[in-house]
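Student: When you get a sec, could you give me coordinates for this:
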Amino acid sequence: MKRRTATIALLLCPVAAFTQSATDWVIVPGKRAGPVDAGASEAKLVELFGARNAAREEFEVEPGVPVPATILFADDPTRRAIVLWRDEKRIGPESVLIRGERSVWRTDKGITLGTALATLRRINGRPLTLIGFGSDVGGTVLDHNGGALKELGTADQGERTGRTLVLRVEPDPAQRDSPAYQQAIGDVELSSESDAMRVLNPRVFQLMVDIATN
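Tutor: The predicted structure is shown next:
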């Protein structure tokens, strides 16, 4: 009887491990997004999530610039993630993009879609610098300014260094006619402490995490 129990346990172990990794939604900037790490491949993602939940596509990171991609959970906005590959071999992801209103994906510091700028400021412990709204890169957080969110990178003589996580925030659409929004439009760098940002308190609508190459 003991032998039979041990055999059953051995058979169940791989299944348990598979289930655990398939429900891992933790993002560790510069390392992984759940099970999507430097050793991931499209074939492994299909095996892990199923062919229906790992669709091959070309994704335009900017207009006219398609890159190889795998869309995870394309029909589920709360689990959707876009894995961007380094080349057509689709082995070794470059980054993972998550965007929308809500998501089960969250960083190891608790940041997810919908996280407010005021919360980011609290986690960071220091003011953040971000780009004004109204452009293709509007609302991008540029600098942690010596705070705890080192993964957001910093400015060094005009160059952005140390960035492994890109966050973009946007205010409630209902605020776009407000004086505060008008003050926050344009290709300008604004502090999270500015009057406009305090009033708007924009929320994260996009995360892009870099995946380590080693």
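
Student: CA only for contacts and neighbour counts going forward, please
Tutor: Noted.

Student: Where does pLDDT dip in this protein?
Tutor: 1-22, 157-158, 213-214 (pLDDT under 70).

Student: residue ranges of the strands in the chain, please?
Tutor: Per DSSP state E, the chain has strands spanning 26-28, 32-33, 54-62, 65-72, 81-85, 93-99, 106-107, 129-131, 141-143, 152-156, 159-163, 165-170, 189-191, 203-210. These are given in chain order.

Student: mind listing what Met208 touches?
Tutor: Met208 makes contact with Ser95, Val96, Leu97, Ile98, Leu165, Val166, Leu167 under the criterion Cα atoms under 8 Å, 6 or more residues apart in numbering.

Student: How many neighbouring residues does the third one have?
Tutor: In other words, Leu97. Using other Cα atoms under 10 Å, Leu97 has 19 neighbouring residues.

Student: Likewise for the first one?
Tutor: A count of nearby residues for Ser95, using other Cα under 10 Å, gives 26.

Student: List the contacts of it.
Tutor: Contact partners of Ser95, counting by Cα under 8 Å, 6+ apart, are Val83, Leu84, Trp85, Met208, Val209, Asp210, Ile211.

Student: top of the residues you listed by neighbour count?
Tutor: Neighbour max across those (other Cα under 10 Å) = Val83, 31 neighbours.

Student: pretty sure it is touching Ala69, no?
Tutor: Yes: using Cα atoms under 8 Å, Val83 is in contact with Ala69, at 5.4 Å.

Student: so can I have a markdown table of the contacts of Ser95 showing distance to Gly50?
Tutor: Listed next are the contacts of Ser95 as a markdown table, based on distance: Cα to Cα, whole Å:
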| residue | distance to Gly50 |
| --- | --- |
| Val83 | 15 |
| Leu84 | 18 |
| Trp85 | 19 |
| Met208 | 23 |
| Val209 | 23 |
| Asp210 | 24 |
| Ile211 | 22 |
